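Need coordinates for the below:
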Amino acid sequence: MKKLVGDTRLIFKCCSLYYQDGLGQQAICNRLGISRPTVSRMLTLGKELGIVRIEVKNPDNERYGQLEREVEKRFDLQETIIVDTEPLEKGTRYINSQIGRATLEFLSRILTDRDLVGVSMGLTIQNIVRSDFPIEKAIHCTFVPLLGGISASNLDIHSNYLVQKFAERFGGRSAQFFAPALFSDKMVLDGFLKEQPIQKIVRMYRSLDVIVMGIGVLDSEHSTLLESGYIDAETMKKFIAKGAVGDIALRYFDIEGKTDSFTDFNERVAGIGLDLLRKVPKRIGVAGGTHKMKAVLGAIRGGYINILVTDEACAVALLRQKCSVSK
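Down below sits the predicted model:
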C-alpha cells in the first residue's frame with residue numbers, strides 16, 4: 001500500500017471533506033481515490049495531530065489548503081492542488097518544477113494497477129515526467145497517448161514519447177498511436193480511424209480511468225503548438241478573433257469551453273474526441289501562471305477537466321472571476 005498516512009495535505013483534505021462538507025467516508029474514498037481504511041486512519045490522525053479541533057486547519061500551509069478548498073467549491077472540482085508560483089525569467093517559458101512534482105505525487109496516490117491513463121502532449125507534460133519526485137513502488141498501469149504526433153522535430157513533447165517515459169517512471173506499460181496529430185481532410189481521418197491497428201487505441205479511449213493534460217494558450221510566446229508547426233501564426237490570429245482562449249489535446253475552445261467556432265480544425269485532430277474525454281472519471285488539467293487563467297477557466301467550464309494542478313497566481317486569478325462554472 002502506498003504510504004499516504006503521513007501526507008498532511010491529504011489528511012487536511014480528508015478532514016475538511018468529512019467535518020466541513022459532511023461527506024461520508026465512502027464518498028471521500030471515491031473522490032480522492034484512496035481506500036476506506038486509509039480515510040478512517042487519516043480522520044483519526046487529524047485529531048491526533050491537532051488538525052481537527054474546533055475547526056479544520058492545514059498544518060503545513062493553511063493559506064494554500066483553504067485556497068484549494070475555495071477553488072474546488074467555486075468551480076465544482078473533484079480536487080485542486082496548488083503550489084508556489086515561481087518567477088518567470090524574461091524570454092523564457094513558464095515551467096514550474098513544483099507543479100511537475102505535485103502532479104507526480106498526486107498520480108502516485110490515485111493510480112492503481114491496471115488503470116488506463118491517457119496522456120496529452122506538450123512542454124507541461126514533459127516537465128511532469130522529468131520531475132524529481134520519487135516513485136517508491138511500481139504501479140502497473142498502462143499509459144495511452146491521447147493524440148497522434150509524428151514529425152522530425154520536438155519528438156520529446158509528443159504523446160507517444162511521453163507515455164513511454166511515464167511507463168518507465170511508474171513501472172507500467174505504454175501504448176503507441178502512430179498517426180499525424182492533424183489531418184488535412186476529415187474524411188481521410190475517418191477512414192484512417194477505422195483501420196484495425198488504430199481501433200485498438202480507440203477502444204482504449206472508451207475505457208480510460210485517468211487523463212493527464214496540459215492546457216495550451218494562444219500566445220506566440222507560450223504556444224507549443226505554434227512552435228511545433230501544428231498551427232501557423234495566421235491561424236492563431238483567426239482563432240483569437242473568434243474568441244479562442246486555449247486548447248486541450250489540440251482541440252480549441254473559448255472562455256465558456258465551447259468549440260463550435262473551431263470545428264473545422266478540431267474535427268481533423270487524430271485523437272480522443274472531447275465528448276469521450278468528458279466521460280473519463282478523473283480528468284487532470286495541469287497549468288500555472290496568470291497567463292493560463294482564461295484557458296483554465298474555459299477548460300473547467302467545458303467540462304474537460306475536473307481536477308486541477310496549478311500555482312497560487314493562477315488560482316487567485318481564477319477566484320477573481322465574477323462567475324464560476326457556466327450552467
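
what about residue 197, distance to residue 179?
Separation of residue 197 from residue 179 (CB to CB, to the nearest Å) stands at 10 Å. (C-beta placed from N, C-alpha, C; glycine too.)

more neighbours, these two?
For residue 197 versus residue 179, neighbours defined as other CB atoms under 10 Å are more numerous around residue 179 (22 against 10).

which residues does that one contact?
By CB atoms under 8 Å, 6 or more residues apart in numbering, residue 179 lies in contact with 148, 149, 150, 192, 198, 270.

Check the secondary structure at it for me.
At residue 179 the chain is in coil, as set by DSSP: H, G, I helix; E, B strand; the rest coil.

Which one (most neighbours) among the contacts of residue 179?
residue 149 leads the contacts of residue 179 on contacts (other CB under 10 Å) with 27 neighbours.

For this protein, which segments are assigned as strands?
For the chain, applying DSSP state E gives strands covering 79-83, 116-119, 142-145, 173-174, 210-214, 216-217, 244-248, 251-254, 282-286, 307-311.

Quick one: closest of the ones you listed to residue 105.
Of all the strands of the chain, strand 79-83 sits nearest to residue 105, with 8.3 Å by CB to CB.

quick one: that closest one to strand 282-286, angle?
Counting by axes from the mean of the first three to the mean of the last three CA atoms, to 10 degrees, strand 79-83 lies at 20 degrees to strand 282-286.

Strand 79-83 packs against which elements?
Strand 79-83 sits against helix 62-75, helix 97-110, strand 307-311, helix 312-319, with contacts defined as 3 or more CB pairs under 8 Å, 6 or more residues apart in numbering; DSSP states H and E.

about what we covered before: mind listing which of the contacts of residue 179 are in helices?
Secondary structure from DSSP state H places 192, 198 of the contacts of residue 179 in helices.

Check the burial of residue 207 by counting its neighbours.
Residue 207 has 11 neighbours, counted by other CB under 10 Å.

quick one, what contacts it?
Residue 207 makes contacts with residue 116, as judged by CB under 8 Å, 6+ apart.

what separates it from residue 144, distance-wise?
Distance, residue 207 to residue 144, using CB to CB: 9 Å.

Then residue 271?
10 Å.

what do those two both touch?
residue 177.

quick revisit: pick the one among the contacts of residue 179 closest to residue 284.
Nearest to residue 284 among the contacts of residue 179 is residue 149, at 19.6 Å by CB to CB.

That closest one touches residue 121, doesn't it?
Yes. Residue 149 lies in contact with residue 121 (CB atoms under 8 Å); the separation is 5.8 Å.

which neighbours do those two share?
Applying CB under 8 Å, 6+ apart, one finds that residue 149 and residue 121 are jointly contacted by 158, 159, 181.

what's around the first one, how many residues?
Read it as residue 158. Here the number of neighbours of residue 158 (other CB under 10 Å) works out to 22.

Ok, residue 137 next?
10.

And residue 305, by the same measure?
27.

Spatially nearest residue to it (excluding sequence neighbours)?
Nearest non-adjacent residue to residue 305, counting by CB to CB, 6 or more residues apart in numbering: residue 285, 3.3 Å away.

how about residue 306, what does it touch?
Counting by CB under 8 Å, 6+ apart, residue 306 touches 77, 78, 282, 283.

Can you pick out the most distant pair from those residues?
Largest pairwise distance in these, by CB to CB, is 11.1 Å, between 77 and 282.

can you pull the contacts of the closest residue to residue 281 other than its chain neighbours?
The spatial neighbour of residue 281 that comes closest, neighbours along the chain excluded (CB to CB, 6+ apart), is residue 209 at 6.1 Å. By CB under 8 Å, 6+ apart, residue 209 lies in contact with 115, 116, 117, 280, 281, 282.

Could you dump those into TSV and include neighbour count and pLDDT?
Shown next, in TSV, are those (neighbours: other CB atoms under 10 Å; pLDDT from 0 to 100):
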residue	neighbour count	pLDDT
115	21	97
116	18	98
117	27	98
280	23	98
281	13	97
282	22	98
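
With distance to residue 49 as extra columns, can I get these in JSON lines?
Shown next, in JSON lines, are the contacts of residue 209 (distance: CB to CB, whole Å):
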{"residue": "115", "distance to residue 49": "30"}
{"residue": "116", "distance to residue 49": "36"}
{"residue": "117", "distance to residue 49": "32"}
{"residue": "280", "distance to residue 49": "34"}
{"residue": "281", "distance to residue 49": "30"}
{"residue": "282", "distance to residue 49": "28"}
